[in-house]
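S.K.: Kindly return the folded structure for what I paste below:
(chains A, B, C and D)
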2 protein chains.
Amino acid sequence: METLNLIKIIAPEAINILEERYLILRTISYNQPIGRRSLSDILGFKERAVRDQVNFLRNQGLLKIDFMGMYITDEGIKTLESLHPVYNQIKGIPELEVKLKKLLNIRKVSILPGNSRDNGMVLRDMGKITSKVLKSLIKDGDIVGITGGSTMAAVAEEFVPDKVKREVTFIPARGGLGRDVETQANSIVATFAKKLGGTYRLLFVPDGLEKEALEYILRNEDMKESLSLIDNMDILIFGIGRADTMAKRRNLPEERVEDLISKGAVAEAFGHYFDVKGNEVWEYKTVGLSLNKFKSLYNVIAVAGGEEKAEAIISIATLNENMILITDEFAAKKILELVDKAT
Amino acid sequence: METLNLIKIIAPEAINILEERYLILRTISYNQPIGRRSLSDILGFKERAVRDQVNFLRNQGLLKIDFMGMYITDEGIKTLESLHPVYNQIKGIPELEVKLKKLLNIRKVSILPGNSRDNGMVLRDMGKITSKVLKSLIKDGDIVGITGGSTMAAVAEEFVPDKVKREVTFIPARGGLGRDVETQANSIVATFAKKLGGTYRLLFVPDGLEKEALEYILRNEDMKESLSLIDNMDILIFGIGRADTMAKRRNLPEERVEDLISKGAVAEAFGHYFDVKGNEVWEYKTVGLSLNKFKSLYNVIAVAGGEEKAEAIISIATLNENMILITDEFAAKKILELVDKAT
DNA sequence: ATACCACGGGACAATATTTGTCCAAACAAA
DNA sequence: TTTGTTTGGACAAATATTGTCCCGTGGTAT
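M.R.: Numbering: from 1, shown residues only, chains lettered A, B, ... in the order given. Sure thing, here's the model as predicted:
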């Protein structure tokens, strides 16, 4: 891999070629079959450049073309797979990971090159990596907590099924996080269970319940069991949100939002709101994972990308030093920038 | 290093660029100061190509130019140094080394890319590598035997002096191998001793002596001491020659040459002649290293390059399986070709 | 059955780059 | 002083790249 730095000195043009061809191959693999023109639109490359590179890649047997468009070949997939770390190296991802891990003082940081907000492929790659990390942590008998959110949905979608099924239980980490997000969490849990094997449990808690109604529900045996599962969870995979966006998505009342703002809320995770220092500012009233349980968990995987989430990530990272963070290049750089500015 | 094979697939142009720039940088480092035109003559590149690449390399700070010509910078030397293994990898040298080591069934094979016969730089590089190997084997108190020949002269010339001097004794492995070669061996021994530190002993034995005269000489105390050193040598570095060329160089009588030919002599080393199977065919009458001593030595370094020596190398390699062979790409490929043809 | 759309690939002129070859000024060596 | 290098500038000719358009094909929605 040291070789690459040498090439940067002695043949920098090669780096550009490499990057261009990598991006083309990758984009095709994610969008096949795709035509020359749409490809150049997606990548922002000139049509002619795409055409030439595509010709090259075809000659190398890395992709096939028919009247429907272009497809990646098996050889291409293999090559693309080996190319990922090379591209990461070119983009300086490994260094970025080390820096960020030190800065946030957490267990591990994985960064995907690019911006998951603008580029669906990056989000999907984040899902793939999360999938790998999860598989490396999970043991038979584990209870795995999951939250909702579009990021988590993507993770579930990209989860690569195993041949070996596992004896694990998936469960939503929180109940009733607004109707949309709630159902989403449930369906994500189902997707995970289907792909990894194992059982799952859904958690339906109506929204905006009064204290008495909540207590009533809690007397239900099924519910008690679910909550005990949550209380004993071994692994948590969760998304991180901006306080403001999440407040809007949940249609919180105006006064609530103002209160959050006045208290400096920047981050939301599993129904809790935090300021930039990681102080809890407010908790959405429902059942599920408590902050204390979260802080005491060892296997905690946070997934969040896009520079707009930088502040939120900084906040959440202070809560648990065992956290494993999966993010993207833009978020990572923004975090470094913010912390640099602060010091 | 795996990276390089990936680059061969995804950006083969890069390999050419790399190779071209490497060769230019290397040639400059060996011939500085050198002008654009002589450089393109040596390399067989078009002047314009050289000019462009040289411009690039200068921009990268790898070489300097003044009115005398081009020089490599310190940065350039460092880069060139790291580039050697990359170039070897491109040329498939590591694979070639493994193949040849197995084929010849000897302890180690080091191959330099190129042809030492046509390219002085390759010969010098062989010298550098030999220098490294020798340093890795040598211990204080060792007696090191040396032979003559143009290859050995180059090795001595390129020997990189150490800061730490060693307590070793250098001695010619054989006496009286024809006047030229003999004096050469003596001067090579002196060069080695000067560069590595330690003492040395010269060995003068007049050529073409009759039995009686030889016996007389052997009674000399000094000579006895020298021969005992040779008999106790710990390390031998020797060149391998073609039987025919060495016979000519020694002005052997016509009948002798015919005899050698009829017996199938192909190789010469330290005054002994061998057929392709490694059977001794004749021994030049003088004092010094015996074949038995040679066969029982553990640290034996053979240095020989150029495809014309392929057969001779094959022959000599059968004599001692502890041999370390330092050769060049052309010889290596020719050896593989010859053996392939034979089977 | 029809009309439409996106596909690859051929074609080609406009434009940019590469290439080969000069030459002059600067300096070293003889 | 003369001769032989050297670099770097210059420039026209040759070659490659680039941007675009069009055409036939076949899938797909209607």
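
S.K.: could I have stretch A:315-323 exported to CSV, CA atoms only?
M.R.: The C-alpha trace of stretch A:315-323 is given here as CSV (Å, rounded to 0.1, in the frame of the first residue of the first chain):
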residue,chain,number,x,y,z
SER,A,315,-22.3,15.0,20.8
ILE,A,316,-23.2,11.3,20.8
ALA,A,317,-19.6,10.1,20.7
THR,A,318,-19.1,11.5,24.1
LEU,A,319,-21.7,9.2,25.6
ASN,A,320,-19.9,5.9,25.3
GLU,A,321,-16.3,5.3,24.6
ASN,A,322,-16.9,1.8,23.3
MET,A,323,-18.8,3.2,20.4
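
S.K.: give me the residue from the stretch 1-150 of chain A nearest DNA strand D.
M.R.: Closest contact between the stretch 1-150 of chain A and DNA strand D, by CB to the nearest atom of the strand, is at A:Lys46 (3.6 Å). Any C-beta I mention is one placed from the backbone N, CA and C, and that applies to glycine too.

S.K.: Just give the closest residue to that residue, not the sequence neighbours.
M.R.: Spatial nearest neighbour of A:Lys46, chain neighbours left out: A:Ser40 (6.5 Å); criterion: CB to CB, 6 or more residues apart in numbering or on different chains.

S.K.: about what we covered before: model confidence score at the residue of the stretch 1-150 of chain A closest to DNA strand D, please.
M.R.: Per-residue pLDDT puts A:Lys46 at 88.

S.K.: Pull out the buried residues from the helix or strand of chain A with the lowest mean pLDDT.
M.R.: Here the helix or strand of chain A ranked lowest by mean pLDDT, DSSP states H and E is helix A:211-218, holding a mean of 76. Within helix A:211-218, the residues that qualify as buried are A:Leu214, A:Ile217, counting by 16 or more other CB atoms under 10 Å in any protein chain shown.

S.K.: And for stretch A:7-24?
M.R.: So, applying 16+ other CB under 10 Å, buried residues of stretch A:7-24: A:7, A:9-11, A:14-15, A:17-24.

S.K.: A:Ile42 contacts A:Arg26, doesn't it?
M.R.: No: assessed by CB atoms under 8 Å, A:Ile42 is found out of contact with A:Arg26, at 10.7 Å.

S.K.: residues from the stretch 51-200 of chain A in reach of DNA strand D?
M.R.: A:Arg51, A:Asp52, A:Phe67, A:Met68 (CB under 7 Å from any atom of the strand).

S.K.: Just the closest of those residues to chain B, please.
M.R.: A:Asp52 (12.0 Å; CB to the nearest CB).

S.K.: What ranges does the stretch 51-200 of chain A have for its strands?
M.R.: Ranges of strands in the stretch 51-200 of chain A, per DSSP state E, counting those that start in this stretch, are A:63-66, A:69-72, A:108-112, A:143-146, A:169-172, A:199-200.

S.K.: sorry, back to before: quick check, the residue nearest to A:Lys46 in a helix?
M.R.: Yes: judged by DSSP: H, G, I helix; E, B strand; the rest coil, A:Ser40 forms part of a helix.

S.K.: follow-up on the earlier one: which parts of the very next helix or strand once past the least confident helix or strand of chain A are buried?
M.R.: Remark: after helix A:211-218, the chain's next helix or strand is helix A:221-231, criterion DSSP states H and E. By 16+ other CB under 10 Å, the buried positions in helix A:221-231 come out as A:Met223, A:Ser226, A:Leu227, A:Leu229, A:Ile230.

S.K.: got it, and stretch A:245-253?
M.R.: A:Met246, A:Ala247, A:Arg249, A:Arg250, A:Leu252.

S.K.: if we can go back for a sec, export the buried residues of helix A:221-231 to CSV and tack on pLDDT and distance to B:Arg58?
M.R.: As requested, those are arranged in CSV below (pLDDT from 0 to 100; distance: CB to CB, whole Å):
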residue, pLDDT, distance to B:Arg58
A:Met223, 81, 75
A:Ser226, 83, 70
A:Leu227, 85, 71
A:Leu229, 87, 68
A:Ile230, 88, 66
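
S.K.: residue boundaries of the helices in the stretch 151-300 of chain A?
M.R.: A:179-196, A:211-218, A:221-231, A:243-249, A:254-262, A:291-296 (DSSP state H, counting those that start in this stretch).

S.K.: Now render the ones you listed as CSV, adding distance to B:Asp140.
M.R.: CSV is the format used below for these (distance: least, CB to CB, whole Å):
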stretch, distance to B:Asp140
helix A:179-196, 63
helix A:211-218, 83
helix A:221-231, 71
helix A:243-249, 72
helix A:254-262, 77
helix A:291-296, 62
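
S.K.: Domain-wise, how is chain A divided?
M.R.: What automatic domain parsing lists as the domains of chain A is A:2-90, A:93-342.

S.K.: so which of these gets nearest B:Gly305?
M.R.: domain A:2-90 (26.5 Å; CB to CB).

S.K.: pLDDT value on the residue in the stretch 201-343 of chain A positioned nearest to chain B, please?
M.R.: The stretch 201-343 of chain A approaches chain B most closely through A:Glu329 (20.9 Å), counting by CB to the nearest CB. Note for A:Glu329: predicted pLDDT of 97.

S.K.: can I assume it is in contact with A:Val109?
M.R.: No: judged on CB under 8 Å, A:Glu329 makes no contact with A:Val109 at a distance of 11.7 Å.

S.K.: rewinding a little: will you turn the buried residues of helix A:221-231 into TSV that also has distance to A:Ser290?
M.R.: Listed next are these as TSV, based on distance: CB to CB, whole Å:
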residue	distance to A:Ser290
A:Met223	16
A:Ser226	14
A:Leu227	10
A:Leu229	14
A:Ile230	9
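
S.K.: now A:Phe159: how far from chain B?
M.R.: With the distance defined as CB to the nearest CB, to the nearest Å, A:Phe159 ends up 27 Å from chain B.

S.K.: I'd say that residue and A:Lys195 touch.
M.R.: Yes: taking CB under 8 Å as the definition, A:Phe159 is a contact partner of A:Lys195 at 4.6 Å.

S.K.: Looking at the two, which is more packed in?
M.R.: A:Phe159 (21 against 17; other CB atoms under 10 Å in any protein chain shown).

S.K.: In contact with the more buried one: list those residues for me.
M.R.: By CB atoms under 8 Å, 6 or more residues apart in numbering or on different chains, the contact list for A:Phe159 reads A:Gly127, A:Thr130, A:Ser131, A:Leu134, A:Thr191, A:Phe192, A:Lys195, A:Leu196.
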